[in-house]
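**Q** build the 3D model from these lines:
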Amino acid sequence: MDARKLRRQFMAGMGKGLGVVWPILSILLSLMVALGIAISILEDWPLVDGIYFAFVSGLTIGYGDLVPKSHLARALAICIGFTGILLTGLVAAVGVNALTAALQDTRKTPG
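**A** Model (predicted):
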């Protein structure tokens, strides 16, 4: 199995898959940014800190350097977590689909 061919087919599949789910992906990214902006307003943080908090929390990294104090901001942080799970799951599903298709294609074609 040629690694370069597999890599090329995987990247092509990723590009095609992300192109298909781009409307959903863009909605999730926009929602993440909007929730980060809302938290930055509620917590009186700089705008960049709110967006940073949204992506760090949403991607389940959660450094803990920024912590919302108000109840509404904490509820929005939970929404950010669910949005991040959907975002991560969507990208992972596209990756698995692209890898599966690339592996099947390399098994079909000799050499």
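
**Q** separation between L90 and K69?
**A** 31 Å (CB to CB, to the nearest Å). Using the backbone N, CA and C atoms, a C-beta is placed for each residue, glycine as well.

**Q** show me the strands in the protein, by range?
**A** Using DSSP state E, the chain contains no strands.

**Q** so where is it shaky, pLDDT-wise?
**A** Within the chain, the stretches with pLDDT under 70 are 1, 109-111.

**Q** can you show me the helices along it?
**A** 3-43, 47-58, 71-108 (DSSP state H).

**Q** touching, K5 and T106? I think so.
**A** Yes - here K5 lies in contact with T106, judged by CB atoms under 8 Å, at a distance of 6.3 Å.

**Q** higher neighbour count, these two?
**A** Counted by other CB atoms under 10 Å, K5 and T106 do not tie: T106 has more neighbours, with 17 against 14.

**Q** list the contacts for the more buried one?
**A** By CB atoms under 8 Å, 6 or more residues apart in numbering, the contact list for T106 reads 1-2, 5-6, 9.

**Q** can you say which of those residues are buried?
**A** Neighbour counting by 16 or more other CB atoms under 10 Å classes Q9 among these as buried.

**Q** reformat the helices of the chain as TSV; add distance to G64.
**A** Output for these, formatted as TSV (distance: least, CB to CB, whole Å):
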stretch	distance to G64
helix 3-43	15
helix 47-58	9
helix 71-108	12
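
**Q** and among those helices, the most buried is which?
**A** For these, the largest average neighbour count (mean count of other CB atoms under 10 Å) is found in helix 47-58, namely a mean of 20.

**Q** what angle separates that one from helix 71-108?
**A** Interaxial angle, helix 47-58 versus helix 71-108 (axes from the mean of the first three to the mean of the last three CA atoms, to 10 degrees): 60 degrees.
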